[in-house]
Each structure stands twice: as structure tokens, then as C-alpha cells.
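Colleague: need a 3D model of the sequence below.
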Amino acid sequence: MTDTTVFPDPTYRDTVLAPLFDGVKAHYAGGMAAINRAHLVMLAETGILTRCDASRIAGALREIDTQIDVDALTYTGEHEDYFFLVESELKNRLGDLGGALHTARSRNDMDHTLFKLALRGRTDSLIGDLLTLAEGLLAKARTEADTLIVAYTHGQPAQPTTFGHYLAAIIEVILRDARRLDAAANGLEHCPMGAAAITTSGFPIDRHRVAALLGFEAPLLNAYGCIAAVDYVTGLYSAMKLVFLHLGRLIQDLQFWSAFEVGQLHVPNSLVQISSIMPQKRNPVPIEHMRHLASATALRCDVVIGTMHNTPFTDMNDSEGEVQQAGYAAFDSGSRMLRMLAAFVPACKINGQAVQRITDAACITITELADTLVRDEGLSFRQAHDIAAATARAVIADNAALAQGHDAFVQAFKNAAGRTPCLDAEAFATAVAPETFVARRTRPGGPAPQALAQAFSTYEAKITDLLARRKTRTDRHLAADTALTAAFTQLLET
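Modeller: From the prediction side, this is the model:
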């Protein structure tokens, strides 16, 4: 029979406390050490603890950090969690003084600071992966600026454009997603320490000093919000989810383009697996792996966001250890997917023969014929559209390329306009050439060389700005590590 007077109950220990403890070992122990050191430095600098007492605590903390193998620890229930284990170790070494470190703080403000520290590094890495992908796609887009492809709408061949133009559209989405992630990263840059349980403390603590020593931009202002607000979690995982939801659409196109019946995307042998029974098959299975990694990442983000639904605005376990640990899996699968995509797209090539085949079969340049008739023949666009449509129907019925359809065009023109067109066979062939179609789309955002070059310059500037914003944060974090080490060392030497 379970002794109901002794904490923890064995089932509670095994199903809740032990898994949480293992999560702390994997994700938070380093952050706990940093928080302990920063808080101790502040207590000494404000005179809340004497330099002598602070020095003794610093020495004990150093012993704990160097003597305890966190990875080898097994949860026994002797201590409720890792925080109490550290405090017990301090008391074993210092007696009652070991409890002085917890002056003016709570597990509440410590927990959210730990989560922010853990998320901070992961978010920085994810932004790095995303910007590396953007840089790789931009380089590929520049290389493929003149490479014709068939653009599809509603699953059907629509118009010609270039691979560079298509990739530019993807880059724009990535950069908007990166900006959202950057904003979410900035949401991690305000420190909860000093909020204590709910209302700060009656001691003369210096919240700005602790925030600076931990690399935060500033304290998070409202103490209640420090322990109750979880928008730093929901905002981050919402921004993350959009990255992988949007990239999943690119991946779907890669799958469609590489299908045998379409074939406009050639995947190199290094990224193709062969069937175990059908030797003729080229299976671009990395696409499928990227697709499921993107979906898994988006859904893992949903788990975190959904767990916050209808929770009270207060300190709560719903936003803490277990859900935070679950969320880290999203960073892992997301990083794997981004790195694979950054390698995959630059390695692929457009199959020009397949593009030409589809261009001819589907008359995808016919819109430019209608535009040309408006410009050169003085027709309304609707009349020009009807003539172009009749021409396309006739050419497709004859199983011929549009460039060979001048006779059909002349007949359609006479039927509609009651006269012979000025457009001769050579001018007609020029008008319906895919190169002409692209070259005439010179407006901002179009695939013509000058328009695309201007877009590329814009993307490069945005990538540079995002990299600089990322560097500002990482430089602050690194400088804080140096400052914390120096301040803690001074305590040890007191």
C-alpha cells in the first residue's frame, strides 16, 4: 500500500517528476548555473549578501558545477526537482548559508528565464538555417535567372517564366517568415528574473544587472506578466509553424515537377534512391522526407500553441517543463528539413526538353499573342483573347507547336476581325516564343532580366539586415557570458 503521507507519491514520481527531471538534465542545467551565478553577483553588488558570504556561495556553486555529473543523475524523489537538488548541495557544503542564494527569487521567475535561455539558442540556430537557405536559393535564382520553366495554376500549364523568377517568389516568403522569426526572437530578449513569485521583492534587487549578465536586452517589466504571460512561447511557435507550412508548398511543387509525366525538374543521382525490385525507377525520396519533416515540425508547433488554449493567466505548469521539452523537437526536425532543402534545390536542374515539350503541347505563351494583337493590331483585349483562344484550340487539335500555327491564327483573325492581320509568320513566331514572353514582362516583380535583377538586390539587402539583427543579439549574449564569468570570478577571489 502507498504511504499517502510521504511526498512524492510513487506514481507521481515516475509519471511526472522523473521525466521533468530528465528534461532538465538535457536542456536546462547550464542555464540554471548561469542564473545562479548572475543572481549571486547581483545579491553581492547590491549588498543584500555580504561579499564574504557571496564568495563562499560562489565557491560552492563552482564545486557543484564541476563535481556533479548531471547526465549521470537518476531521479530518486529525494529532491522534488533539479532546483532543490542544487540547494541541497549548497546546504551540505555551507549549512544554512546555502539557502541564502534563493533570496528575492522564486522558481517562477527562474523557470521562465530558463525557458527563454533555452529557446534563445535554438531560435538563433533556426534563423541561421533559414537565412542560409535564403542565401542558397538567391544564388541559385541568379544562376537560373534565364532558365525557362512552365508555371502552373490549378495543376495545369499556365505561362512560361524562369526558374530564377519562381525561386524569387519563394525567397520573398522566406524573408517575410524570417522577419516574423526575428520578431519572435526579440520577444525572448527580456528577462523575467526579479519578478520572484508574482510581485517582485522587498529587497533592493537590481533587475537590470541580472538581465544584462544573462545577455538579455532588459528586464521584462510587469512582474505578474513575467510569470503569467506566455506570448513569448505562442509567438515563437506560431512564427516557426508558418516557415514550415509555407516551405511545404515549395516541396509539393518539387514533387510534382519531378514526376515522370512532367519531368521539368531533374534530381541528381546523389539525391535519388533506386527501387529494390524495379531497376528503372528513380525515386527522389528526399522530397518525401522534407515533406514529412516540414509537416511534423508544423504540427509540433501546434502542440505547444494548442496547450496554451484556455489556460488561466497565471503561473502554470501547462507552459512549463513538459510542453517546453516537447517543443524542442520542432527545432530538431525543422533544422534537419531546412538543411536538406538548402542542399537539395541548388543540386537540381531544369530539364529544358521537358519544358519545351509542355510549352508546345499546352500553348502556354498564348497570352502574349493576345497582348501583341492589342498593341500591334489595335484590337480590344477581349477580341484579341478570342482570336488567341481559337488559335490555341486549332493548334492543339492538330497536335502542333504554337509557333507553327500562323495559318490557324490568320483564319481565326479573319473570322473575328473581318480582315487580314498585319502579323506575318516571323512576327507571329516571335510573339509566341517563351523568350519573348519573359523578356516583355519588365514591370517590378516580373521575370524579365532587369526586373529580376532589381528584386535580387532587394533580397540581398534584406538578408544582410536580418543577419545584422541576428549578430546584434548573439554579440550581446557572448559579451554577457564574458561579463558574467568575470564578475563571478571576482566573487571567488574575494
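
Colleague: C-alpha from now on. contacts and neighbour counts both.
Modeller: Fine.

Colleague: pull the contacting residues for Ile358.
Modeller: 150, 157, 262 (Cα atoms under 8 Å, 6 or more residues apart in numbering).

Colleague: how far away is the last one from Asp253?
Modeller: Val262 is 11 Å from Asp253, where distance means Cα to Cα, to the nearest Å.

Colleague: next, the buried residues of the lowest-mean-pLDDT helix or strand in the chain.
Modeller: Lowest on mean pLDDT, DSSP states H and E among the helices and strands of the chain sits helix 18-27, with a mean of 78. Across helix 18-27, burial judged by 16 or more other Cα atoms under 10 Å covers 18, 20-25, 27.

Colleague: show me what the helix or strand hosting Ala392 is packed against.
Modeller: Here Ala392, judged by DSSP states H and E, is contained in helix 381-397. With contacts taken as 3 or more Cα pairs under 8 Å, 6 or more residues apart in numbering; DSSP states H and E, helix 381-397 sits against helix 366-377, helix 406-417.

Colleague: dump the ones you listed to TSV, plus distance to Leu131.
Modeller: Formatted as TSV, those follow (distance: least, Cα to Cα, whole Å):
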stretch	distance to Leu131
helix 366-377	36
helix 406-417	48
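
Colleague: including mean neighbour count and distance to Ile277, could these go into CSV?
Modeller: Shown next, in CSV, are the helices and strands packed on helix 381-397 (neighbours: other Cα atoms under 10 Å; distance: least, Cα to Cα, whole Å):
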stretch, mean neighbour count, distance to Ile277
helix 366-377, 19, 43
helix 406-417, 18, 48
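
Colleague: what kind of secondary structure is the closest residue to Gly202 other than its chain neighbours in?
Modeller: Nearest-residue entry for Gly202: Ala104, 7.7 Å, with adjacent residues in sequence omitted and distances by Cα to Cα, 6 or more residues apart in numbering. With DSSP: H, G, I helix; E, B strand; the rest coil as the basis, Ala104 sits in coil.

Colleague: quick check: Ala104 touching Ile198?
Modeller: No - with contact defined as Cα atoms under 8 Å, Ala104 does not reach Ile198; the gap is 11.3 Å.

Colleague: surely Ala479 meets Phe216?
Modeller: No - the pair Ala479 / Phe216 is not scored as a contact, 10.7 Å apart, by Cα under 8 Å.

Colleague: would you mind writing the CA trace of stretch 471-487 as CSV?
Modeller: What follows is stretch 471-487, C-alpha atoms only, in CSV (Å, rounded to 0.1, in the frame of the first residue of the first chain):
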residue,chain,number,x,y,z
LYS,A,471,24.5,39.3,-34.9
THR,A,472,23.4,42.1,-32.5
ARG,A,473,21.7,39.5,-30.3
THR,A,474,24.5,36.9,-30.4
ASP,A,475,27.1,39.6,-29.7
ARG,A,476,25.1,40.7,-26.6
HIS,A,477,24.9,37.1,-25.5
LEU,A,478,28.6,36.4,-25.9
ALA,A,479,29.5,39.7,-24.2
ALA,A,480,27.2,38.8,-21.3
ASP,A,481,28.9,35.4,-20.9
THR,A,482,32.2,37.1,-20.6
ALA,A,483,30.9,39.7,-18.1
LEU,A,484,29.2,37.0,-16.0
THR,A,485,32.4,34.9,-15.9
ALA,A,486,34.4,38.0,-14.9
ALA,A,487,32.0,39.1,-12.2
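
Colleague: re the thing from before, show me what the least confident helix or strand of the chain is packed against.
Modeller: Under the contact criterion of 3+ Cα pairs under 8 Å, 6+ apart, helix 18-27 touches helix 321-347.

Colleague: confirm that Gly263 sits in a strand.
Modeller: No - assignment of Gly263 by three-state DSSP gives coil, placing it outside any strand.

Colleague: what's near enough to touch it?
Modeller: Per Cα under 8 Å, 6+ apart, neighbours of Gly263: 257, 351, 354.

Colleague: tell me which of the residues you listed fall in helices.
Modeller: 257, 354 (DSSP state H).

Colleague: which one of the contacts of Gly263 sits closest to Leu379?
Modeller: Ala354 (33.9 Å; Cα to Cα).

Colleague: re earlier: ok, so of the buried residues of helix 18-27, who is nearest Phe163?
Modeller: Using Cα to Cα, His27 is the member of the buried residues of helix 18-27 that sits closest to Phe163, with 42.0 Å.

Colleague: can you list the buried residues in stretch 343-351?
Modeller: Buried-residue list, stretch 343-351, by 16+ other Cα under 10 Å: 344-346, 348, 350-351.

Colleague: check stretch 164-173 too.
Modeller: By neighbour count, with 16+ other Cα under 10 Å as the criterion, the buried positions of stretch 164-173 are 164-168, 170-173.

Colleague: among those residues, which lie within helices?
Modeller: Per DSSP H, the buried residues of stretch 164-173 map to helices at 164-168, 170-173.

Colleague: could you dump those into JSON lines and include distance to Tyr75 and pLDDT?
Modeller: Formatted as JSON lines, those follow (distance: Cα to Cα, whole Å; pLDDT from 0 to 100):
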{"residue": "Gly164", "distance to Tyr75": "55", "pLDDT": "98"}
{"residue": "His165", "distance to Tyr75": "56", "pLDDT": "98"}
{"residue": "Tyr166", "distance to Tyr75": "53", "pLDDT": "98"}
{"residue": "Leu167", "distance to Tyr75": "51", "pLDDT": "98"}
{"residue": "Ala168", "distance to Tyr75": "52", "pLDDT": "98"}
{"residue": "Ile170", "distance to Tyr75": "47", "pLDDT": "98"}
{"residue": "Ile171", "distance to Tyr75": "47", "pLDDT": "98"}
{"residue": "Glu172", "distance to Tyr75": "48", "pLDDT": "98"}
{"residue": "Val173", "distance to Tyr75": "46", "pLDDT": "98"}
